[in-house]
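# Coordinates only, no sequence provided:
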């Protein structure tokens, strides 16, 4: 599903116009990104949790040369699905 399909589904299921559904999706996504960027978690019951995770500095290898390289510490966004989400997906397959 791409953004257009999501917008159409939200509009159909909520009774919103396509433009209103698109604005609602944008507002939700921006709120999630802004909150996680501040280092806070966003928990949606039955769906999952978005958070920022710290990655420690480490040594890696250049796959072409085999040479060791230093990989800097970083922060990356992460998503942990809720049990209800995982259960519904696993029953599908």
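Received the coordinates, thanks. Because the structure is a prediction, the values reported are computed rather than measured.
# what residues go with each domain of the protein?
Under the assignment automatic domain parsing, the domains of the chain span 1-38, 45-93.
# which of those domains has the lowest average pLDDT?
Sorting the domains of the chain by mean pLDDT places domain 45-93 lowest, at a mean of 94.
# and that one, how far from the chain's centre?
11 Å (Cα atoms, centre = their mean, to the nearest Å).
# hang on, residue 65 in a strand?
No: Residue 65 is assigned coil when assessed by DSSP: H, G, I helix; E, B strand; the rest coil, not a strand.
# Going by residue numbers, what spans are helices in this protein?
Along the chain, the segments classed as helices by DSSP state H run 3-14, 18-37, 83-92.
# would a markdown table of the ones you listed with mean neighbour count and distance to residue 77 be doable?
C-betas here are computed from N, CA, C, even on glycine. Output for the helices of the chain, formatted as a markdown table (neighbours: other Cβ atoms under 10 Å; distance: least, Cβ to Cβ, whole Å):
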| stretch | mean neighbour count | distance to residue 77 |
| --- | --- | --- |
| helix 3-14 | 13 | 18 |
| helix 18-37 | 14 | 6 |
| helix 83-92 | 10 | 17 |
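# nearest to residue 60, of those helices?
Nearest to residue 60 among those is helix 18-37; the distance by Cβ to Cβ comes to 25.3 Å.
# Can you pull out the residues in contact with the closest one?
If you take Cβ atoms under 8 Å, 6 or more residues apart in numbering as the criterion, helix 18-37 is touched by 3, 6-8, 10-11, 14, 16, 41-42, 50-52, 77.
# Can you give me every residue that contacts the most centrally placed residue in the chain?
Residue closest to the mean C-alpha point of the chain, counted by Cα atoms, centre = their mean, is residue 79 at 5.3 Å. Residue 79 makes contact with 48-50, according to Cβ under 8 Å, 6+ apart.
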